[in-house]
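1. Could you look at this predicted model? Sequence included:
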Amino acid sequence: MTYIEKGSTEYIKASLALFFGGFVTFAILYTTQPLLPIFAKEFHVSAASASLTVSVSTGILSFMMLIAAALSDRIGKKNIMVLSMIFTSGLGMVIAFSPNFISLVLLRACLGVFAAGVPSIAMAYVAEEFHPSGIGKIMGLYISGTSIGGMAGRILTSLLTDFFSWRAAIFAIGAVSFILSVIFWFILPAPRHFVKKPLNGKAALQAYSIHFRNKPLISLIFLGFLFMGGFVTLYNYIGFLLTEPPYSFSQSIIGFIFIVYLFGSFSSVYMGRKADQYGHASVLKISVALTVFGAIFTLAPPILVKIIGIAVFTFGFFGCHSIASAWIGEQAQINKAQASSLYLLLYYLGSSLAGTMGGYFWTHFHWLGVIAFIVTLLLLSYPMISYAQKRFE
């Protein structure tokens, strides 16, 4: 059977569909992040408790990705992705009607169950259905969708909240996502190379156990927890800082700060190229240093310096993420998919656990405490990188 080739009508349709897939998933997943100060005020909860609206989704998603990947071999990758997007966008609309904070958190937890379908399967679908000559471009479009979706979801949520309400904002994002999900369903080409496989839990566990015995590889996998934990913590609590005097920014202005995500789209490619030239470890250490310095810059009172700090922090983080994930892919000699799954598991667990833990530091030590926590997480990565460097390079 033929592959989807670059330049064909199917290639164009699939490109658009996968862009929508990344856009919808990450637009909805992080819609509540810019709303955390509003939730804390409206529901009379702490900053850490408000962050659960993000953390429960990413935490459950991290484990569900492993299950979704296994199920896709049984019922098909397109089927899983379509179901994931339809249910995720549907829940996105239902969440707008949450009567209280507990129901909001529970619905966001359910969202994490269904949102796992696309991020766990999209790359495998591309590798299975596309001609190798077009894989690089299609993966770039999917990743662009995740990045732009995450950014657009946050910005639009903030704007609509200012003009209407947070409930209207969340419902609108869900409604648009539902329409895009239906389009995805119709235009994504049906799989040509899918072969139904029985669920084999024992074989999967054996594949994971091989990686757990590879200590240098595990040290790289744990980097995902540290990097994403620090990244989400900063974005979870920067809104609390900027709604207070002397800034007292509106929700719309806070939302536009997420435009600095564009620096991340550039750095993931740029730093990845530098890693190919000068070695993963050296460039990864530089990326971590940039992330640390960016975080420290946000301690300065002038808002311009803070925004520059956030931009540098974001640039550094996306460099870290792209280099670490590529390095893992290269060093996992067998069962590469399982190695990547473990990295993403720790990556989203970092978002969940560290993202909520940062609320403790905000409550007790304000922004200085948050930055100290983030910097500590990032500095813990250096011995792990050095250990992997000695073994792999």
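-> Looks like it arrived, so ask away. Residues are numbered from 1 along each chain as shown.

2. Rounded mean pLDDT for stretch 48-56, please.
-> When pLDDT is averaged over stretch 48-56, the result is 97.

3. and the gap between residue 13 and residue 218?
-> Residue 13 is 40 Å from residue 218, where distance means CB to CB, to the nearest Å. Placement of C-beta: from N, CA and C, glycine included.

4. which sections of the stretch 251-393 of the chain are below the confidence cut-off?
-> 333-337, 393 (pLDDT under 70).

5. Please, where are all the helices along it?
-> 251-256, 261-278, 280-297, 303-331, 336-379, 381-392 (DSSP state H, counting those that start in this stretch).

6. Output these in CSV; the columns should cover mean neighbour count and distance to residue 148.
-> Shown next, in CSV, are those (neighbours: other CB atoms under 10 Å; distance: least, CB to CB, whole Å):
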stretch, mean neighbour count, distance to residue 148
helix 251-256, 20, 14
helix 261-278, 17, 8
helix 280-297, 21, 21
helix 303-331, 21, 13
helix 336-379, 21, 19
helix 381-392, 17, 27
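
7. Switch these over to a markdown table; also include distance to residue 211.
-> Listed next are the helices of the stretch 251-393 of the chain as a markdown table, based on distance: least, CB to CB, whole Å:
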| stretch | distance to residue 211 |
| --- | --- |
| helix 251-256 | 39 |
| helix 261-278 | 21 |
| helix 280-297 | 18 |
| helix 303-331 | 9 |
| helix 336-379 | 5 |
| helix 381-392 | 13 |
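
8. Which one, of those, ends up nearest to residue 85?
-> Residue 85 sits nearest to helix 336-379 of all those, at 18.1 Å, using CB to CB.

9. Report all helices and strands that the closest one contacts.
-> With contacts taken as 3 or more CB pairs under 8 Å, 6 or more residues apart in numbering; DSSP states H and E, helix 336-379 sits against helix 47-50, helix 52-75, helix 117-129, helix 201-212, helix 215-242, helix 280-297, helix 303-331.

10. can you redo those as JSON lines with distance to residue 156?
-> Below are the helices and strands packed on helix 336-379 laid out as JSON lines (distance: least, CB to CB, whole Å):
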{"stretch": "helix 47-50", "distance to residue 156": "20"}
{"stretch": "helix 52-75", "distance to residue 156": "17"}
{"stretch": "helix 117-129", "distance to residue 156": "19"}
{"stretch": "helix 201-212", "distance to residue 156": "38"}
{"stretch": "helix 215-242", "distance to residue 156": "15"}
{"stretch": "helix 280-297", "distance to residue 156": "25"}
{"stretch": "helix 303-331", "distance to residue 156": "19"}
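
11. Select, out of the ones you listed, the one closest to residue 4.
-> Here helix 117-129 is closest among the helices and strands packed on helix 336-379 (CB to CB), at 5.5 Å.

12. now the following helix or strand past that closest one against helix 261-278, angle please.
-> The helix or strand immediately downstream of helix 117-129 is helix 132-163, counting by DSSP states H and E. Angle of helix 132-163 versus helix 261-278, following axes from the mean of the first three to the mean of the last three CA atoms, to 10 degrees, is 150 degrees.

13. so who does residue 251 touch?
-> Residue 251 makes contact with 34, 35, 38, 158, 159, 161, 162 under the criterion CB atoms under 8 Å, 6 or more residues apart in numbering.

14. please redo it, this time with the cut-off set to 7 Å
-> Contact analysis of residue 251 by CB atoms under 7 Å, 6 or more residues apart in numbering lists 34, 158, 161, 162.

15. cool, and residue 250?
-> Per CB under 7 Å, 6+ apart, neighbours of residue 250: residue 162.

16. Repeat that for residue 301.
-> Here residue 301 is in contact with no residues (criterion: CB under 7 Å, 6+ apart).

17. Kindly recompute the last result at 8 Å.
-> By CB under 8 Å, 6+ apart, the contact list for residue 301 reads residue 246.
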